[in-house]
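Participant: The following comprises the amino acid sequence and a computationally predicted model.
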Amino acid sequence: MEPLTELIEPQNRKQLESHFLKLQPNTLPIWGKMTPQQMVEHLIDQVQYTNGKKEPFCEVPEEEANKAKQINIYTNVEIPRNVVFGTAQEQLLYPSLSAAIQQLMAELDDFDQYFTKPGRTAIHGGFGPMNYKEWLIWHDKHFFHHLKQFGLI
């Protein structure tokens, strides 16, 4: 695996945004069926579970979640290509790809703000409660996966 890029870290957000801004509405994925805007809106949705805007819940037993968290957060395991969790949203929520990218960056700012409260966690559906640092790792892996999907990294 390539080393984690830490693109999700607040000091690297301009670089992260520049990767997304390379996308065109008609950019084809290397794998998968999502359009660029569906992918960005998917990331918006996922970040909203970690910034207080959506109510997350753990979908697996605690022991299973802990094991999955140890593997997915504390190792260099990558998200595999073509992994599917549900279906991509057909109806787009934002008027354009650039508006969706702008919203994604705002959601990340809200994510940082949400975790300014000491001891705060947010629940991951498969890994259970995670703190800010754990979410930075997971968001980094998730974003990296989708940036690779569209040949942006």
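Facilitator: Thanks, I have the structure now. Predicted model only: the values in this text are computed from it and were never measured.

Participant: hey, where'd the strands end up in the chain?
Facilitator: Per DSSP state E, the chain carries strands over the ranges 122-124, 128-130.

Participant: Residues contacting the first one, please?
Facilitator: It stands for strand 122-124. Residues outside strand 122-124 that contact it (C-beta atoms under 8 Å, 6 or more residues apart in numbering) are 49-52, 56-58, 65, 69, 114-115, 129-130, 135, 138. Where you see a C-beta, it was placed from the backbone N, CA and C, and this is true even at glycine.

Participant: which neighbours does it have in its sheet, and in what orientation?
Facilitator: strand 128-130 (antiparallel) (DSSP bridges).

Participant: shaky segments in the chain?
Facilitator: Within the chain, the segments meeting pLDDT under 70 span 1-5, 83-88.

Participant: Which residue ranges of it form helices?
Facilitator: For the chain, applying DSSP state H gives helices covering 13-21, 36-48, 62-74, 97-114, 132-149.
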